[in-house]
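A.B. asks: mind looking at a prediction? Sequence and model below.
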Amino acid sequence: MLSQASGERPLRIRAVTEADLPHIVRLDAEAFPADPYPFFVLRQLLTAFPDFLFVVDDGKDLRGYVLSTPPHDAQSWILSLGITPDLRRKGLGRQLLAKMLAHLRAQGTHSVWLSVEPGNDSAVALYRSLGFVPDPGGPRSDYFGPGEHRLLMTLAL
Ligand SMILES: CC(C)(COP(=O)(O)OP(=O)(O)OC[C@H]1O[C@@H](n2cnc3c(N)ncnc32)[C@H](O)[C@@H]1OP(=O)(O)O)[C@@H](O)C(=O)NCCC(=O)NCCS
């Protein structure tokens, strides 16, 4: 059980189920309003990697999610992390990501990578607080297409 509660409802982190898909689509659009994953991409990621998607469940609704790849050559990528706006800054993002990192370690991942929009100070601070270090070369220009620069960060497990 998580240390934070949503009103009277306790929160827990659990593995994803097929029925969660529309809720994850909503959470993703909430977290990344300018550029959410299309429904079909989330459908395929959930189907391909069901053991690498965790959600925060308050018993009635989903309040956060984290998505990674399984290890390939002992390397995994965090593909997405989002917490519903009204529950941000309460430690949930850190707990959710820490849970995924522990899972990845147990699955044989030795290095974790992610990309973050360079101006996303809260996400960069969260990743730094868990030990991620930024690519020494700085943000990669046009990493996700024209004008979409991204900072790569990595963590050795
Ligand atoms: C990034 C996000 C997942 C963080 O989740 P969260 O539950 O709010 O984060 P936490 O409360 O666990 O914060 C952990 C640490 O992150 C940093 N942090 C989080 N929010 C911050 C903010 N608004 N300003 C500054 N630092 C912040 C702090 O270092 C914080 O530690 P502290 O509270 O001990 O100072 C959340 O803000 C979110 O969903 N944002 C939209 C989607 C997004 O940007 N995802 C990441 C894309 S790469």
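C.D. replies: Cool, the structure landed.
A.B. asks: starting at the chain centroid, how far to stretch 108-123?
C.D. replies: 9 Å (CA atoms, centre = their mean, to the nearest Å).
A.B. asks: in the longest helix seen in the chain, what's buried?
C.D. replies: Longest helix in the chain by number of residues, with DSSP state H as the criterion: helix 92-106. For helix 92-106, the neighbour count (16 or more other CB atoms under 10 Å) marks Leu92, Gly93, Gln95, Leu96, Leu97, Lys99, Met100, Leu101, His103, Leu104 as buried. Every residue, glycine included, has its C-beta placed from N, CA and C.
A.B. asks: does the ligand sit close to it?
C.D. replies: Yes. Contact of helix 92-106 with the ligand (CB under 6 Å from any ligand atom) involves Leu92, Gly93, Arg94.
A.B. asks: what helices and strands are in contact with that helix?
C.D. replies: Packing partners of helix 92-106 (3 or more CB pairs under 8 Å, 6 or more residues apart in numbering; DSSP states H and E): strand 12-15, strand 53-57, strand 62-68, strand 75-83, helix 121-129.
A.B. asks: now with 10 Å, please.
C.D. replies: Counting contacts by 3 or more CB pairs under 10 Å, 6 or more residues apart in numbering; DSSP states H and E, helix 92-106 packs against strand 12-15, strand 53-57, strand 62-68, strand 75-83, strand 111-116, helix 121-129, strand 151-156.
A.B. asks: of all the buried residues of helix 92-106, which comes closest to Pro22?
C.D. replies: Of all the buried residues of helix 92-106, the one sitting nearest Pro22 is Leu96; the distance, using CB to CB, is 19.6 Å.
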